[in-house]
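Trainee: Next input, structure requested:
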Amino acid sequence: MRVIGLEQLERLLSALPGTPRVVVSGNCSTPWAAVAALDRALPAYRIWVLNAACGLPDRDGVVAETPFVGPGTRRHHALQYLPCRLSLVPQLFATTTAPDVVLVHCAPPENGHLSLGAEVNVLPAALEACRARGGLVVAVVNPAMPYTFGDALVDESWVDFTVEVDSPLPSPAHQVPDEASQLVARRLAERVPDGATLQMGIGAVPDAAVGGLVGRRGLGIWTEMFSDGLLTLERAGALDPDRPVTASFCFGSPELYEHVDHNPRIRMLRTEKTNSPALIAANPQMTSINTALEVDLYGQVNASRVGGSIYSGYGGQSDFVVGALHSRGGQALIALRSWHPRADISTIVPLLDEPVTSFQPSAVVTEQGVAPLFGRDQYAQARALIGDAAHPRVRDELWEEAGALGLIPRPDANQRAVGLIPRPDGNQHSANRPSADH
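Mentor: This is a model prediction of the structure:
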């Protein structure tokens with residue numbers, strides 16, 4: 001492992017043949033100085049990064065590859081989205097998207113090991129695949145990166161070169177949940193018992209739900225990622241002190257990074273482990289809380305696409321929904337507001353016109369109420385989604401669409417004769433009245 005400067009790194013990268021694929025740490029752990037050197041060094045390359053932050057090079061010659069689109073790639077002119085559940089992404093490195101270079105952001109070495117710190121995720125698999133084909137591994141070493149354990153540890157012999165930097169890790173902007181999100185969070189918290197194991201996805205609603213759990217005891221954490229909510233639960237005494245906090249990556253405030261640094265209770269594992277449905281299911285009362293863009297009357301969830309364009313990706317939602325449903329006492333919750341304020345549309349829709357991210361959650365939770373789905377027949381699922389989760393502004397339209405989709409039991413002969421279909425609330429509506437968007 002040889003220490004070089006950024007100018008030397010630039011010369012090293014400029015000697016690479018063809019259009020190399022370069023895997024880079026993502027989320028809030030991207031080594032930006034090294035990315036800038038890469039962009040200066042090569043006229044053309046593929047940059048592979050998960051949930052890229054803003055600032056990723058976007059010019060002719062640069063292709064952005066990812067199975068999870070972030071703000072830095074959402075509008076990239078040459079985005080190549082790779083549909084893949086996060087638990088299976090490591091297989092891509094071993095097959096279709098083998099890396100030529102890996103740039104990882106690490107904490108300084110100790111006892112012969114660097115640490116991937118806040119971002120483990122798919123990087124161990126990328127390192128293995130790159131080394132197997134004789135590629136180049138560069139570690140950007142930063143004292144601001146917390147030193148974490150588990151699969152975060154990388155033997156120094158795996159690294160060809162290191163570049164030393166000293167810059168703080170970015171922290172995402174704090175989001176203040178609106179009134180609807182706070183109500184969703186309260187409804188979520190009511191469903192989490194003492195002793196449950198938590199997974200919370202990215203978003204204002206899952207973050208807000210943490211505040212309602214401070215009175216719980218014996219909680220465990222087995223999750224893809226965590227943020228400052230971990231500090232909230234830790235301070236409140238809500239976490240089981242005998243259970244390690246298991247995750248694959250994290251981001252948050254400087255205080256969170258300080259808490260994580262050299263903390264033996266924080267176990268950072270590679271994605272194949274944290275997102276394995278079998279390992280998820282082994283946790284007691286596994287409770288996954290994820291958000292969505294829209295849910296349809298069949299209980300299908302879209303958390304990936306908007307208007308035909310990719311917005312994020314599968315991520316770990318499908319992994320955790322499956323794992324939680326197989327856990328003893330587990331539940332998979334989809335949480336969202338019933339009305340999207342910016343788009344001014346309902347998030348409960350008759351039928352998805354975008355690809356499905358996941359399906360068959362235990363329940364859908366909005367500020368309107370809780371719609372239990374698992375174990376209910378298709379009629380009961382539709383009734384619950386319309387009556388308990390959908391916004392009142394769109395319920396009449398959804399009843400009509402449910403009838404057209406066959407999600408309301410067939411009326412008897414007398415009702416058919418007069419063109420009326422019974423509604424689950426005891427009222428009736430016309431089977432022939434056009435819906436609002438026809």
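Trainee: only C-alpha atoms for contact and neighbour calcs from this point on.
Mentor: Fine.
Trainee: any idea how this structure splits into domains?
Mentor: Segmentation of the chain into domains, based on automatic domain parsing, reads 2-164, 179-392.
Trainee: Dump these into a markdown table; add mean pLDDT as well.
Mentor: As requested, these are exported to a markdown table (pLDDT from 0 to 100):
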| stretch | mean pLDDT |
| --- | --- |
| domain 2-164 | 97 |
| domain 179-392 | 95 |
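Trainee: Make JSON lines out of the ones you listed and add distance to E400 and mean neighbour count.
Mentor: Listed next are those as JSON lines, based on distance: least, CA to CA, whole Å; neighbours: other CA atoms under 10 Å:
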{"stretch": "domain 2-164", "distance to E400": "34", "mean neighbour count": "20"}
{"stretch": "domain 179-392", "distance to E400": "9", "mean neighbour count": "21"}
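Trainee: Can you lay out these as TSV showing distance to P409?
Mentor: Below are these laid out as TSV (distance: least, CA to CA, whole Å):
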stretch	distance to P409
domain 2-164	36
domain 179-392	7
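Trainee: So which of those is nearest P172?
Mentor: Smallest distance to P172 across the domains of the chain (CA to CA): 6.1 Å, for domain 179-392.
Trainee: could you show me where the strands are in the stretch 51-200 of the chain, in order?
Mentor: 62-66, 79-81, 101-110, 113-115, 136-141, 149-150, 153-155, 161-164, 197-200 (DSSP state E, counting those that start in this stretch).
Trainee: Just give me how far the second one sits from the chain centre.
Mentor: Spelled out, that is strand 79-81. When C-alpha coordinates are averaged (CA atoms, centre = their mean, to the nearest Å), strand 79-81 and its chain have centres 17 Å apart.
Trainee: picking that back up, distance to G330 added to the strands of the stretch 51-200 of the chain, as JSON lines?
Mentor: Supplementary listing: the strands of the stretch 51-200 of the chain in JSON lines, determined by distance: least, CA to CA, whole Å:
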{"stretch": "strand 62-66", "distance to G330": "31"}
{"stretch": "strand 79-81", "distance to G330": "32"}
{"stretch": "strand 101-110", "distance to G330": "35"}
{"stretch": "strand 113-115", "distance to G330": "33"}
{"stretch": "strand 136-141", "distance to G330": "39"}
{"stretch": "strand 149-150", "distance to G330": "26"}
{"stretch": "strand 153-155", "distance to G330": "31"}
{"stretch": "strand 161-164", "distance to G330": "44"}
{"stretch": "strand 197-200", "distance to G330": "9"}
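Trainee: Nearest approach to R243 belongs to which of those?
Mentor: Closest approach to R243 among those is made by strand 197-200 (10.0 Å; CA to CA).
Trainee: Quickly run through the sheet partners of the closest one, with directions.
Mentor: The pairing partners recorded for strand 197-200 under DSSP bridges are strand 220-221 (parallel), strand 286-291 (parallel).
Trainee: helix or strand right after the first one?
Mentor: Downstream of strand 220-221, the first helix or strand assigned by DSSP states H and E is strand 225-226.
Trainee: Kindly spell out which helices and strands sit in contact with the helix or strand just after that following strand.
Mentor: Counting by DSSP H and E, the next helix or strand C-terminal to strand 225-226 is helix 229-236. Taking 3 or more CA pairs under 8 Å, 6 or more residues apart in numbering; DSSP states H and E as contact, the helices and strands that helix 229-236 lies on are helix 204-210.
Trainee: Show me what the helix it packs on packs onto, helices and strands only.
Mentor: So helix 204-210, by 3+ CA pairs under 8 Å, 6+ apart, packs with helix 179-190, helix 229-236, strand 286-291.
Trainee: will you turn these into a markdown table that also has distance to P67?
Mentor: Shown next, in a markdown table, are the helices and strands packed on helix 204-210 (distance: least, CA to CA, whole Å):
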| stretch | distance to P67 |
| --- | --- |
| helix 179-190 | 28 |
| helix 229-236 | 26 |
| strand 286-291 | 18 |
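Trainee: Out of the ones you listed, flag the one nearest L213.
Mentor: Of all the helices and strands packed on helix 204-210, helix 179-190 comes closest under CA to CA, at 5.9 Å.
Trainee: what's near enough to touch the closest residue to V69 other than its chain neighbours?
Mentor: Of all residues not flanking V69 in the chain, S312 sits nearest, at 4.3 Å (CA to CA, 6 or more residues apart in numbering). Counting by CA atoms under 8 Å, 6 or more residues apart in numbering, S312 touches N51, F68, V69, G70, R74, A303, S304, R305.
Trainee: so how far is the helix or strand containing I280 off the chain centroid?
Mentor: Counting by DSSP H and E, the element that carries I280 is helix 277-281. Mean C-alpha position of helix 277-281 versus that of the full chain (CA atoms, centre = their mean) differs by 17 Å.
Trainee: swap in stretch 125-142?
Mentor: Worked out by CA atoms, centre = their mean, stretch 125-142 lies 24 Å from the chain centre.
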